[in-house]
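*Asks:* Any chance you can model this:
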Amino acid sequence: MSRTARALVAAVLACAALALGLPAAAASTGDDASEVGYDVSHPQCDEELPTDHAFGIVGVNGGLATRPNPCLAEQLAWASEASGTVAGQPRLQLYVNTANPGQFIDVLHTWPLRGTTPYGRCEGGNSTACSWQYGWLRVYVSVEAFFVPAAQEAGVDADPARHRWWLDVETMNTWQYGSDAARDRNRAALEGMTAYLTDRGAEVGLYSTGRQWGLIVGDVPARSALHDLDSWLAGSTTRAGAEAACRRAPLTEGGEVVLTQYVTDGLDHDHACA
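*Replies:* Now for the predicted structure:
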């Protein structure tokens, strides 16, 4: 439903309530408020957000790993006001956009030129080592330059270790495709992101669909830092579908599916798996 249509429906309901002498009700999603979380980011800037959220997951970036969410502070404050009534789901959680644009290094100003990584020395090429370094640097900027100042402005805890972080892995961002080597470089970029966050003491999880994960990363070996991370699965359109998605395979063998997402009326809802 478009924003205009939703506004018209709300106006009609408000008028009906006044005509009947009833109190006007706050916007409701139709779900049990004690169980539902929502994830928001730059597309929801200036939108009215639900006030009945059990937890909120806020996108730190503005759609790309190199850009900040322009309304991050406001959305952090909103998420911090969640009820926190779902066991195992912190009231405020974060997610970051991820990517690996190594095939475009000739036109990138954000690609690393040097660094020591678990894959050896990065020397500026489209290598596994530089992919790892790229991921580390992107999350470093997302945390230190984007999240920390916004958290301080919002009056929420700015220590990244006090929050759960999700790596948003989607084909809409720039990745390398077509070979095992390309997927290995993509995995390395995500491992670099994970390394920065875990070194800061933060909990990390993975967000994607099975199809997108297979295209971008594929199978993850047990030695990888990604292997034991929990999954947040996208792709459902109803609450029932999201509940059923809890029984799907996790993105990596060592993790578990702990969250599923479904979209209703243009808003991302999040279901916590038992």
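*Asks:* what are the ranges of the strands in this structure?
*Replies:* For the chain, the strands defined by DSSP state E cover 36-40, 55-59, 92-97, 115-117, 120-122, 164-168, 203-208, 230-236, 257-264, 267-272.
*Asks:* Most tightly packed of the ones you listed?
*Replies:* Mean neighbour count (mean count of other C-beta atoms under 10 Å) peaks for strand 55-59 among the strands of the chain, with a mean of 27. Where C-beta positions appear, they are placed from N, C-alpha and C, glycine not excepted.
*Asks:* Which strands border it, and is each parallel or antiparallel?
*Replies:* Here strand 55-59 has these sheet partners by DSSP bridges: strand 36-40 (parallel), strand 92-97 (parallel).
*Asks:* I'd like those strands as JSON lines, with distance to residue 203 and mean pLDDT appended.
*Replies:* Listed next are the strands paired with strand 55-59 as JSON lines, based on distance: least, C-beta to C-beta, whole Å; pLDDT from 0 to 100:
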{"stretch": "strand 36-40", "distance to residue 203": "16", "mean pLDDT": "97"}
{"stretch": "strand 92-97", "distance to residue 203": "9", "mean pLDDT": "98"}
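*Asks:* Out of these, which gets nearest to residue 149?
*Replies:* Ranking the strands paired with strand 55-59 by proximity to residue 149 (C-beta to C-beta) places strand 92-97 first, at 14.0 Å.
*Asks:* Now do the longest helix along the chain: which elements does it pack against?
*Replies:* Ranked by number of residues, the top helix in the chain under DSSP state H is helix 180-199. Helix 180-199 is packed against helix 128-141, strand 164-168, strand 203-208, with contacts defined by 3 or more C-beta pairs under 8 Å, 6 or more residues apart in numbering; DSSP states H and E.
*Asks:* How is the chain divided into domains?
*Replies:* Domains of the chain are assigned by automatic domain parsing as 1-30, 32-272.
*Asks:* Pick the most buried one from those domains.
*Replies:* Ranked by mean neighbours (mean count of other C-beta under 10 Å), the domains of the chain are led by domain 32-272, with a mean of 19.
*Asks:* dump the residue contacts of the residue sitting nearest the centre point of the chain.
*Replies:* The residue lying closest to the centre of the chain (C-alpha atoms, centre = their mean) is residue 95, at 3.1 Å. Residue 95 makes contacts with 39, 41, 57-60, 165-168, 207, as judged by C-beta atoms under 8 Å, 6 or more residues apart in numbering.
*Asks:* change it to 6 Å
*Replies:* Residue 95 makes contact with 57, 59, 166, 168, according to C-beta atoms under 6 Å, 6 or more residues apart in numbering.
*Asks:* possible to save these as a markdown table with distance to residue 140 and pLDDT?
*Replies:* Shown next, in a markdown table, are those (distance: C-beta to C-beta, whole Å; pLDDT from 0 to 100):
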| residue | distance to residue 140 | pLDDT |
| --- | --- | --- |
| 57 | 21 | 98 |
| 59 | 17 | 98 |
| 166 | 17 | 98 |
| 168 | 17 | 98 |
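*Asks:* and those as CSV, adding distance to residue 51?
*Replies:* Formatted as CSV, the contacts of residue 95 follow (distance: C-beta to C-beta, whole Å):
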residue, distance to residue 51
57, 16
59, 19
166, 23
168, 25
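*Asks:* List just the nearest of those residues to residue 145.
*Replies:* residue 59 (15.1 Å).
*Asks:* And the pLDDT for the residue nearest to residue 217 when sequence neighbours are not counted?
*Replies:* Distance criterion C-beta to C-beta, 6 or more residues apart in numbering; nearest residue to residue 217, sequence neighbours excluded, is residue 187 at 5.1 Å. On pLDDT, residue 187 comes in at 98.
*Asks:* got the end-to-end distance for stretch 241-252?
*Replies:* 21 Å (C-alpha to C-alpha, to the nearest Å).
*Asks:* Outside of it itself, list whatever touches it.
*Replies:* 206, 208, 213, 220, 226-227, 231, 233, 236, 256-257, 260, 262, 271, 273.
*Asks:* at 7 Å instead, please
*Replies:* Among residues not part of stretch 241-252, those counted as contacts by C-beta atoms under 7 Å, 6 or more residues apart in numbering are 206, 208, 210, 213, 220, 226-227, 229, 231, 233, 235-236, 256-257, 260-262, 271, 273.
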